[in-house]
Structure formats: C-alpha cells, structure tokens
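A.B. asks: from the sequence below, what's the structure:
(one chain, ligands or ions: 1)
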Amino acid sequence: MSASANSIVILTGAGISAESGIDTFRSAGGLWEQHRVEDVATPEGFARDPHLVLGFYDMRRAALAGVEPNPAHVALARLEREFAGELLLVTQNVDDLHERGGAARVLHMHGELKSALCSACGMRSRWEAPLIDRPPCPVCQARHLRPDVVWFGEMPYRMETIYAALETCDLFVSIGTSGAVYPAAGFVAEARANGARTLELNLEPSEGSRLFHESRLGPASALVPAWVEEVLSRETSG
Ligand code: APR
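C.D. replies: Alright, predicted model coming up:
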C-alpha cells in the first residue's frame, strides 16, 4: 500500500470487537454455535418465537455495558479525526464500540443493538432497555418494537451510500470479517472493479482474501493502529 489514499472506505466485522470480549459469529464457540441463525436472526424466527429473539438481543445489548472499545476502534476514530481525505466507515457490527472508541460517523449497515424498530410505524428510536416486555414505541405507542438489526433476508441499511463510496474510493480496507455474508462480502470486488486498491486486516485468511491486493494477518488491536499510523504519517510526509 505504498501510494497515499485520498478516499478510503473501511468495512469492519465482528473480528474488530473480538478483543473487546464480544463473540464473533463463526469462530469456534461463536454466536452461531450457540444459537441457530434461523431461530434468532430471521424474520421467520421472530414470527415463530418473538420471546426467544427479543431475549437474544436483550442479552447482547446488556452485554455491551461489560465491554470496552479496543485500540483498533480507537485508531479508526483517530483516522476519522486526522485524515484529510474522504473516509466512510461501514460496519456490519451492531455493537456501539466504534462510537465509544470516539468515531462520530459510523454507518451500521446491519443496524444497532442500541436502536429499536417499530413494526407498526416503521420508526427507529435510540434504545437502551430490554424489549422482552414489549414496551410502547416512543413515536406511535404501539407495542410492536423489535431489535433494529438487519436479519437474513432483509435489506441492509444505506446500500446506495455504500456503493457510491465504493465507486469513487481509491482504497478499500476490510477489517475483522470472514467475507461470508453478502452484500458486504461483495464490496471488495466492487472496489477493485472501480480501480481501488484493496487491503485486508484479519486474524486469518477470509473467504475473500484472494480478492485483496494485500492481506495482513494478525489481531486487529495490533494491525489497525499500525496501519492508521502508516496512512497518517504518509499524509504528513506528502
Ligand atoms: N482481529 C482481527 N480479526 C479477527 C479477530 C481479531 N482479534 N478475531 C477474529 N477475527 C476474524 C475472524 O478470523 C473472522 O474472519 O473476524 C472474522 C469474524 O467473522 P464472522 O464471525 O463471520 O463475523 P462477520 O464477518 O462480522 O459476520 C458477518 O454475518 O451473521 C452475520 O450479520 C452477521 O454481521 C454479521 C455477518
């Protein structure tokens, strides 16, 4: 990654939060070994057993109080503050660690644990408390709040914004994701097709590793601060 970048798109996945103590999905013992995806991460599963699904996300939301952002989250917030070019930080994660690490503009394409979506009026509300007791929607008062998390089969948020950025970026960086789930797994090919350089920072090779110009293997808490320092020092050296 020798040349400097003017416009960067970053995609993060569960791996960036792993060292903060949040389970990933597909690593050994991960979330999808504890719960079947079809039971807790699909509209059909929610219709079948809302209590199970609301409890699953209440548990994950409550767990956020017990974890802290790690140096990778903090480094991306520094990049956001100090990088002179354009930066879009897209995360597949529903945790709030990017924000608590200092990032101000985070695009949560799969939604957020700290947001609730009303199935009656369609409004999204910032949310901290459990949903298991079906509290009223702050907007329409109906008792049809669900986790504001994008389930399998649902459309991720702000895809137009993401694709527009992939069209014009000159560097795409993927951090802590297995490349197992579309549309996020397709972003690297989109970026390459538009002439961007592509870099992967991950603990192990991902399903899309061969699509990256460069892959660096290791823990995000070490790789991300080093890469951010590289980008910012190249910027100051001109
Ligand atoms: N540092 C860097 N990468 C790590 C670390 C770490 N400390 N620990 C794990 N990883 C990597 C793993 O090697 C793996 O490639 O993070 C990736 C985690 O992959 P997944 O568990 O599949 O999580 P993710 O890629 O975010 O899943 C994508 O799938 O289930 C859906 O909606 C869910 O957003 C999620 C999507």
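
A.B. asks: just the closest residue of the chain to the ligand, please.
C.D. replies: Nearest residue of the chain to the ligand: G15, at 2.3 Å (C-beta to the nearest ligand atom). The C-beta positions use only the backbone N, C-alpha and C, and glycine is treated the same way.

A.B. asks: okay, now that residue: neighbour count?
C.D. replies: Using other C-beta atoms under 10 Å, G15 has 25 neighbouring residues.

A.B. asks: check what pLDDT it gets.
C.D. replies: Note on G15: pLDDT of 98.

A.B. asks: my guess is R61 contacts K114, does it?
C.D. replies: Yes - taking contact to mean C-beta atoms under 8 Å, the distance of 6.7 Å between R61 and K114 places them in contact.

A.B. asks: higher neighbour count, the two?
C.D. replies: Just comparing R61 and K114: by other C-beta under 10 Å the higher neighbour count belongs to R61, 24 against 17.

A.B. asks: you'd agree that one is in a strand?
C.D. replies: No - assignment of R61 by DSSP: H, G, I helix; E, B strand; the rest coil gives helix, placing it outside any strand.

A.B. asks: relative to V188, how far out is it?
C.D. replies: Applying C-beta to C-beta, to the nearest Å, the value for R61 to V188 is 30 Å.

A.B. asks: hmm, back to that, need the residues touching each of R61 and K114.
C.D. replies: Residues touching both R61 and K114 comprise W127, E128, with contact defined as C-beta atoms under 8 Å, 6 or more residues apart in numbering.

A.B. asks: now do the SS call for the nearest residue to A191 once chain neighbours are set aside.
C.D. replies: Across the structure, with C-beta to C-beta, 6 or more residues apart in numbering as the measure, the residue nearest A191 apart from its sequence neighbours is F172 (3.5 Å). Assigned state for F172: strand (three-state reduction, three-state DSSP).

A.B. asks: quick check, pLDDT for the residue lying closest to N6 once chain neighbours are set aside.
C.D. replies: Counting by C-beta to C-beta, 6+ apart, the nearest residue to N6 once its immediate chain neighbours are dropped is G85, at 4.3 Å. pLDDT, G85: 97.

A.B. asks: can you check D49 too?
C.D. replies: Taken from the predicted model, the pLDDT recorded for D49 is 97.

A.B. asks: from what I see, it and D39 are in contact.
C.D. replies: Yes - the criterion here is C-beta under 8 Å, and D49 meets it with D39 at 7.0 Å.

A.B. asks: in which helix or strand does T161 reside?
C.D. replies: When secondary structure is defined using DSSP states H and E, the element that contains T161 is helix 159-168.

A.B. asks: follow-up on the earlier one: touching, the residue nearest to N6 and I8? I think so.
C.D. replies: Yes - the pair G85 and I8 qualifies as a contact (C-beta under 8 Å) at a distance of 6.6 Å.

A.B. asks: neighbour count winner among these two?
C.D. replies: Neighbours of G85 and I8, each counted by other C-beta under 10 Å, are more numerous for I8; the result is 22 against 14.

A.B. asks: E38 sits in which helix or strand?
C.D. replies: Secondary structure assigned from DSSP H and E places E38 in helix 37-40.

A.B. asks: quick one: buried residues of that helix?
C.D. replies: By neighbour count, with 16 or more other C-beta atoms under 10 Å as the criterion, the buried positions of helix 37-40 are V40.
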